[in-house]
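1. everything below, folded, please.
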Amino acid sequence: MNKMKKALGIVWMLLAPISIIFLLLQAIEKVGLAAEGVDKTNTALQWGIILFIFIPISAGLVIFGYYAMKGEYDQLPEDHDEITIP
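-> Okay, here's the model as predicted:
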């Protein structure tokens, strides 16, 4: 199970920048295809908001993947008896 966690950590770390690049390319394409004037402004604003929200999510994926690769999640409790409340 720990090997799978570390492998998925690599997946998350690769998925984050790939998804940001994909979103940036889509934003450039969609804004470029929009009609001049208000339509282009609205499309740019919508994609700006999408990117503004998704970039921190991608950063979180990288951090999560880094910790998974480091082995921080190797000692998770396997059932409720192992959980202690201070």
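2. any buried residues in the helix or strand that I21 is a member of, and which?
-> I21 is part of helix 2-33, with elements assigned from DSSP states H and E. Residues of helix 2-33 classed as buried: K5, K6, L8, G9, W12, M13, A16, I20, L23, A27, V31 (neighbour count, 16 or more other Cβ atoms under 10 Å). Where you see a C-beta, it was placed from the backbone N, CA and C, and this is true even at glycine.
3. and that helix, what other elements does it pack with?
-> For helix 2-33, the helices and strands in contact under the criterion 3 or more Cβ pairs under 8 Å, 6 or more residues apart in numbering; DSSP states H and E are helix 38-70.
4. what about the helix it packs on, average pLDDT?
-> Averaging pLDDT along helix 38-70 yields 94.
5. that one: how far from the chain's middle?
-> Counting by Cα atoms, centre = their mean, to the nearest Å, helix 38-70 is centred 7 Å from the centre of its parent chain.
6. where does A35 land in three-state SS?
-> For A35, the assignment made with DSSP: H, G, I helix; E, B strand; the rest coil gives coil.
7. in a markdown table: the buried residues of helix 2-33, plus pLDDT and distance to H80.
-> Conversion of the buried residues of helix 2-33 to a markdown table gives the following (pLDDT from 0 to 100; distance: Cβ to Cβ, whole Å):
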| residue | pLDDT | distance to H80 |
| --- | --- | --- |
| K5 | 87 | 20 |
| K6 | 90 | 25 |
| L8 | 91 | 24 |
| G9 | 92 | 25 |
| W12 | 93 | 27 |
| M13 | 95 | 31 |
| A16 | 94 | 32 |
| I20 | 95 | 38 |
| L23 | 96 | 39 |
| A27 | 95 | 45 |
| V31 | 94 | 50 |
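8. what is the nearest of those residues to L76?
-> Out of the buried residues of helix 2-33, the one with the shortest distance to L76 is K5. That distance is 8.8 Å, counting by Cβ to Cβ.
9. hang on, that closest one packs against Y73?
-> Yes: at 5.4 Å, K5 counts as touching Y73 under the criterion of Cβ atoms under 8 Å.
10. and for those two, which residues touch both?
-> Residues within reach of K5 and of Y73 at once, by Cβ atoms under 8 Å, 6 or more residues apart in numbering: there are none.
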